[in-house]
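In: let's see this in three dimensions:
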Amino acid sequence: MEIIKKITALTEKYPQPVVALGMFDGVHLGHAAVIRHAVDIAKKIGGTSIVFTFSNHPLSVIAPENAPLMIGSKNLRREIFSELGVEVLIEIPFTKEFSRKSPEEFLELLQEKIAPAYVVTGPNYTFGRFGRGNGRMLLREGENYGFKAEVCQAFTVERKIVSSTRIRALIAAGDLISANQLLGRNFTYAGKVVNGDKRGRKIGFPTANLEISDQRAMLPNGAYIVRVKVHGNFFNGIANIGDNPTFKVARRRLEVFIDKFGGDIYGEEIFVIFISKIREEKIFSSVEELKAQLNEDLRQMRNATTD
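Out: Numbers count the residues shown, from 1 in each chain. All right, here's what the predicted structure looks like:
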């Protein structure tokens, strides 16, 4: 999948572009349905499947105080796009200048730079200043800008609409099973491994430490069974989210013990895929008590997972 971070004229490079428009935060089941529809159209017409999105949420510019927590990282989102069959990703920053474009100016931009044959969106997609552009406008005006528009119906699970807002609430509440159901995959936190206090190494449980961004959705504190993707390989593991109260660490972080792994991955990005919760976060009266609990967590994880 080719990634384009600045729009240039693509009209001659890609035949019959089929463009899926959206923020696609988390790339949940509803987003995946929109993107798959665009990919399917591109295959039928011998065209190119393209996702056009932003690298930051528009609200982070328009109304920062209302900007939602992002469900996934940029690299995770890119990986899912690729798995869905997207050939080209246009991922540009949303800026104040861009926010001032009228719906008509946005459609002119699409026509001039991409010249799509089709534009595909979800039912709640809006565009242009104050979000005045919507699916009805695309259907009504598309032909004037050289494309056919298709607006997908809302995706539902058990008669309830799947949305990023709903998934964020489930993650915050710790309802991992329901969040995973709506995502269509396991909730994943991706980040670079940073230096920690190395206490785990001293007691036989070395951990990869990830900072928890204030701008990202995250599960409540506790210990979880996880799968960890490192350099394209998968390992079982135990993740702890919290403040490490036993050692009075002030900052909230994600610590991951990767089973049967001994590599040096400082500075590397890893993907922590959450399977299930083991227990709540605890304060231990001694290092020996902590070690005993970690060994019990490890036993539960090994019983619950297979390589």
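
In: now the element after the helix-or-strand element of the chain with minimal mean pLDDT, going C-ward?
Out: The helix or strand of the chain with the poorest confidence is helix 199-202; it has a mean of 59 (mean pLDDT, DSSP states H and E). Using DSSP states H and E, the helix or strand that follows helix 199-202 in sequence is strand 208-211.

In: who touches that next one?
Out: 189, 191-196, 228, 251, 253-256, 258, 265, 270, 272 (C-beta atoms under 8 Å, 6 or more residues apart in numbering). Yep, even glycine has a C-beta here, placed from its N, CA and C like the rest.

In: at 10 Å what do you get?
Out: 189-198, 200, 228, 230, 237, 239, 241, 251-258, 261, 263, 265-266, 268-270, 272 (C-beta atoms under 10 Å, 6 or more residues apart in numbering).

In: drop anything exposed from those residues.
Out: Among these, those buried by neighbour count (16 or more other C-beta atoms under 10 Å) are 189-191, 193, 196, 200, 228, 230, 237, 239, 241, 253-258, 261, 269-270, 272.

In: give me the subset of these lying in strands.
Out: 189-191, 193, 228, 230, 237, 239, 241, 253-258, 269-270, 272 (DSSP state E).

In: below-threshold pLDDT in the stretch 151-300 of the chain: ranges please.
Out: The stretch 151-300 of the chain contains residues with pLDDT under 70 at 196-204, 244-250.

In: list the helices and strands the helix or strand where Val39 lies packs on?
Out: Following DSSP H and E, one finds Val39 within helix 29-45. With contacts taken as 3 or more C-beta pairs under 10 Å, 6 or more residues apart in numbering; DSSP states H and E, helix 29-45 sits against strand 17-21, strand 48-54, helix 74-83, strand 118-121, strand 148-151, strand 156-157, helix 164-173, helix 176-183.

In: tell me the angle it makes with strand 48-54.
Out: Going by axes from the mean of the first three to the mean of the last three C-alpha atoms, to 10 degrees, helix 29-45 is angled at 150 degrees with respect to strand 48-54.

In: output helix 29-45 in PDB, but only the C-alpha positions, please.
Out: In PDB, the C-alpha atoms belonging to helix 29-45 read as follows (Å, rounded to 0.1, in the frame of the first residue of the first chain):
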ATOM      1  CA  LEU A  29     -16.800  -3.100  11.500                       C
ATOM      2  CA  GLY A  30     -18.700  -0.200  10.000                       C
ATOM      3  CA  HIS A  31     -15.500   1.400   8.700                       C
ATOM      4  CA  ALA A  32     -14.300  -1.900   7.300                       C
ATOM      5  CA  ALA A  33     -17.600  -2.300   5.500                       C
ATOM      6  CA  VAL A  34     -17.200   1.100   3.700                       C
ATOM      7  CA  ILE A  35     -13.600   0.300   2.800                       C
ATOM      8  CA  ARG A  36     -14.400  -3.200   1.500                       C
ATOM      9  CA  HIS A  37     -17.200  -1.800  -0.600                       C
ATOM     10  CA  ALA A  38     -14.700   0.700  -2.200                       C
ATOM     11  CA  VAL A  39     -12.200  -2.100  -2.700                       C
ATOM     12  CA  ASP A  40     -14.900  -4.300  -4.400                       C
ATOM     13  CA  ILE A  41     -15.900  -1.500  -6.700                       C
ATOM     14  CA  ALA A  42     -12.300  -0.900  -7.700                       C
ATOM     15  CA  LYS A  43     -11.800  -4.500  -8.600                       C
ATOM     16  CA  LYS A  44     -15.000  -4.600 -10.700                       C
ATOM     17  CA  ILE A  45     -14.100  -1.600 -12.800                       C
END
